[in-house]
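Asks: A predicted structure for the sequence below; I have some questions about it.
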Amino acid sequence: MRNLILATAILLGLVAASAAQQPTINLVSIKRSSWASGQQMYREYCAACHGENAKGNGPAATACVVKPPDLTVLAKRNEGKFPYDYFYSVLQFGRTMPTPAHGSADMPIWLPLFLSLGNADQEAIAQQRMHNLAHYISSLQTK
């Protein structure tokens, strides 16, 4: 439950900030989106921190302990090949060790969040959500 609350706070929250105060993140529940669209899921679940352009500059980025990484250069940092298995694994299991290049260990683990949306065939749909999201991020890689 703590991970669910933390995850929704980090990725789905909106930043309420002004020049005179520290940014804060408002808690909101995960919303159902189309599992078929990686782009739509990215916009609803990831853009708050990673930005509309996936460069790590979303409106909630300033409230993150570790700056969200630029997701458009994952292939460039991995000898020109998108690290699909690694990226999918982070979505499914999260990160155990914080590294500045990939974000903090507080990054949500998406499998339980997607499972919480409750579908008739929820495991298969949760897996498909993660596959479609990884495929979308793969399509954003810079050359």
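Replies: Now that the structure is in, tell me what you want to look at. Residues are numbered from 1 along each chain as shown.

Asks: Need the per-residue pLDDT for Thr62.
Replies: At Thr62, the pLDDT value in this model is 86.

Asks: Lowest mean pLDDT among the helices and strands, pick that one out for this protein.
Replies: In the chain, no helix or strand scores lower on mean pLDDT, DSSP states H and E than strand 15-18, which sits at a mean of 36.

Asks: ok, and the closest non-adjacent residue to Ala47?
Replies: Gly58 (5.5 Å; CB to CB, 6 or more residues apart in numbering). For every residue, glycine as well, the C-beta is placed using N, CA and C.

Asks: from what I can see Phe114 touches Arg129, true?
Replies: Yes - using CB atoms under 8 Å, Phe114 is in contact with Arg129, at 4.8 Å.

Asks: list the residues that contact both of these two?
Replies: Taking CB atoms under 8 Å, 6 or more residues apart in numbering as the criterion, Phe114 and Arg129 both touch Trp35.

Asks: Let's check: the centremost residue of this protein is which one?
Replies: By CA atoms, centre = their mean, the chain has its centre lying nearest to Cys46, at 4.0 Å.

Asks: and the gap between that residue and Gly80?
Replies: Distance, Cys46 to Gly80, using CB to CB, to the nearest Å: 23 Å.

Asks: Leu71 is in contact with Ser138, isn't it?
Replies: No - if you go by CB under 8 Å, Leu71 and Ser138 don't touch, sitting 9.7 Å apart.

Asks: coming back round to it: can you give me the pLDDT of the residue nearest to Ala47?
Replies: pLDDT, read off for Gly58, is 92.
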